[in-house]
Each structure stands twice: as structure tokens, then as C-alpha cells.
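Trainee: kindly generate the corresponding structure for this input.
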Amino acid sequence: MRFTSMATGLVLSILSCSAFAEDAVVKEGDTLATITLQDQFDKPLVVDGEIKVLLFSSDMDGGEVIQAAFDEVAESDRPANLAYVADISGMPSLIAKFVAIPKMKDYSFVLGLDKEGDVSALLPTKENQATIIKLDNLTIKSITYAEDAQSLMTLWK
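Mentor: Modelled structure (predicted):
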């Protein structure tokens, strides 16, 4: 009997922790704290009240969607006050340092690199898609997802 109640308590603890983790992801109406990350050039990228569109990728496919959109649109035609954050926390640090980040320096855009996953844990994501978060003074006005460059370019306007 005692083992059963301990097991039940453990299951309830796990379920409440996972429910808490889901609640930690920001949603429409929430206000983000200012985000400061290093970009691929080791310079600060700041998401503050000036940013109107926050792009986020949590996996390679989502990053490729964003990269394809940036490749198709001249910088002058991209939304003003746009920032891009990529979660690279799952990438082995040696691969990131010696392969991925040097390659990112060739990109025609700047991206904030979440190397630890702390910021990314709060941002909503869908596998293989880019996340588009529209902001007004860090308050989330909308969250949408794009699975291809054309959709992203339509949604980031």
C-alpha cells in the first residue's frame, strides 16, 4: 500500500512538472522580458521594445525556412525592426564552434544564438517550422508558424 501511494505521488509530480513546463511557454498577450544573446559575430543581439517581429527556429528545418526567406528578400524589403533567434543548444559545442557558427558568418542576416536553450525554452515552436511572433513593446500580439519561405514572407508582414 505504501509503495502504491509513493508511485502515485511520483506520477503526479511528473505530470505537474510537465504541465508547468508547458505553461512556461509564452502565448499571445504575454509580455516578453528583454532578450540579449550573442549573434554569429559574438556581438549582442537584443530583442527589446523596438522589435516588432521575432523569428524563431528550434531545429534545422525551421532555420532553413527562415534562411530561404531571407535569401529571397532583400534586406531593405524585410520588415523593419525584425530579429531572428535560433536555438542551437542541441548542437554539440565543437560542431557549433568550428562548423556551424563559421558558416553562419556567411549569412546575409544576423541571428541571435541561444547556445544554452534558456531563452528558447520560453518560445513556442512547431517541429520543422519557423515561428513568427509579432510584438508591440514586447507584448505578444500574435504567434504563427510557417513551413516554407513563401508562407513566412506572407506572415511576417
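Trainee: please enumerate residues in contact with stretch 83-90?
Mentor: 35, 37, 45-47, 51, 53-59, 63, 66, 96, 100, 109-117, 119-120, 123, 125 (C-beta atoms under 8 Å, 6 or more residues apart in numbering). Using the backbone N, CA and C atoms, a C-beta is placed for each residue, glycine as well.
Trainee: send the alpha carbons of it over as PDB?
Mentor: Extracted as PDB, the C-alpha positions of stretch 83-90 are listed here (Å, rounded to 0.1, in the frame of the first residue of the first chain):
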ATOM      1  CA  ALA A  83      15.100  39.900 -35.000                       C
ATOM      2  CA  TYR A  84      15.900  36.300 -35.500                       C
ATOM      3  CA  VAL A  85      16.700  33.900 -32.700                       C
ATOM      4  CA  ALA A  86      17.900  30.300 -33.300                       C
ATOM      5  CA  ASP A  87      18.100  27.600 -30.700                       C
ATOM      6  CA  ILE A  88      21.400  25.800 -31.200                       C
ATOM      7  CA  SER A  89      21.500  24.300 -27.700                       C
ATOM      8  CA  GLY A  90      21.100  20.700 -29.000                       C
END
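Trainee: would you mark the buried spots in that stretch?
Mentor: Residues 83-89 are the ones in stretch 83-90 that count as buried (16 or more other C-beta atoms under 10 Å).
Trainee: and which of those is nearest Ile132?
Mentor: Tyr84 (10.5 Å; C-beta to C-beta).
Trainee: and that closest one, how far is that from Val99?
Mentor: To Val99, Tyr84 is 20 Å away according to C-beta to C-beta, to the nearest Å.
Trainee: just the buried residues of stretch 83-90 now: which is nearest Asn137?
Mentor: The closest of the buried residues of stretch 83-90, once distances to Asn137 are taken by C-beta to C-beta, is Ala83, at 14.2 Å.
Trainee: I am finished for the moment; much appreciated.
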